[in-house]
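Undergrad: need coordinates for the below:
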Amino acid sequence: MIETKGSPRSANGSYSHGLEFAARRRSFGLEQQDIADTAGVPRSSVSGFEHGRFPGLKPKMEEALLRLQAESNGTEPNGHLHISTDSMNEYQTFLQLNARQQRLFRERLKARRIACGISLEKMAKRIKVHESSNVSRYETGERRPALPKAIALAVQLGCTLPELLDPTLKL
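TA: Residues are numbered from 1 along each chain as shown. As a prediction, the model looks like this:
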């Protein structure tokens with residue numbers, strides 16, 4: 001290992017591969033725990049891989065990421081979520097919500113979850129986030145779900161993302 005600015009760098013470039021992998025994982029709104037659960041490894045192994053350790057895990061990490069990406073795009077053969085390209089374009093508006101729309105989304109998300117009788121813990125498991133506090137943070141506005149997680153929330157609530165965003169639609 002070669003040390004550069006306090007970051008471990010290996011001769012084979014595993015540190016830069018790990019950083020690239022972490023950036024791709026985050027771009028899909030995935031947590032390290034999501035990758036760990038899919039790959040069948042501890043979360044600490046995912047963290048280590050992203051920091052340049054455990055380069056031998058690369059095939060397993062890449063496979064887990066590809067599998068989760070496919071699930072979030074609805075292309076998994078046994079996945080419950082299927083979103084067409086046209087629908088995906090419609091959902092891009094989620095990324096450009098103003099403050100009022102964000103507040104309405106949070107309020108409708110919580111109201112719908114409660115109306116469906118789904119606990120924070122159960123929702124966290126269903127959308128594959130590590131802790132129920134993450135779902136609570138989505139509802140309070142402390143955190144904003146990435147697009148795949150927002151879609152997964154809507155699917156679990158039996159509606160579409162536009163229905164959660166549009167206050168004129170009855171849920």
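Undergrad: from here on, contacts and neighbour counts on C-alpha atoms
TA: Fine.
Undergrad: what mean pLDDT does the helix or strand containing residue 135 get?
TA: According to DSSP states H and E, residue 135 maps onto helix 132-140. Taken as a whole, helix 132-140 carries a mean pLDDT of 90.
Undergrad: for it, name the packing helices and strands.
TA: In terms of contacts (3 or more C-alpha pairs under 8 Å, 6 or more residues apart in numbering; DSSP states H and E), helix 132-140 is packed against helix 99-115, helix 120-126.
Undergrad: apply 10 Å and report the result again.
TA: For helix 132-140, the packing partners by 3 or more C-alpha pairs under 10 Å, 6 or more residues apart in numbering; DSSP states H and E come out as helix 99-115, helix 120-126, helix 147-156.
Undergrad: which residues sit against it?
TA: With contacts defined as C-alpha atoms under 10 Å, 6 or more residues apart in numbering, helix 132-140 is touched by 102-103, 105-111, 113, 119-125, 127, 129, 141-146, 149-150, 153.
Undergrad: same check, this time on stretch 98-111
TA: Residues from elsewhere that reach stretch 98-111 (C-alpha under 10 Å, 6+ apart): 94-97, 112, 114-118, 120, 135-141, 144, 150, 153-154, 157, 161-167, 171.
Undergrad: enumerate the positions of it that are buried.
TA: Neighbour-count burial for stretch 98-111 flags 101, 102, 103, 105, 106, 107, 108, 109, 110 (criterion: 16 or more other C-alpha atoms under 10 Å).
Undergrad: stretch 149-168 now?
TA: For stretch 149-168, a neighbour-count test (16+ other C-alpha under 10 Å) marks 149-157, 160-165 as buried.
Undergrad: can you list the domains in the protein?
TA: Per automatic domain parsing, the structural domains of the chain span 2-72, 85-165.
Undergrad: and those domains, which one's lowest on average pLDDT?
TA: Looking at the domains of the chain, the bottom one is domain 2-72 with a mean of 78.
Undergrad: how far is that one from where the chain is centred?
TA: Centroid separation between domain 2-72 and its chain, computed with C-alpha atoms, centre = their mean, to the nearest Å, is 15 Å.
Undergrad: do the same with stretch 143-153
TA: Centre-to-centre, stretch 143-153 and its host chain are 6 Å apart (C-alpha atoms, centre = their mean).
Undergrad: can you pull out the helices in the chain?
TA: Per DSSP state H, the chain carries helices over the ranges 14-27, 32-39, 43-50, 58-72, 85-91, 99-115, 120-126, 132-140, 147-156, 161-165.
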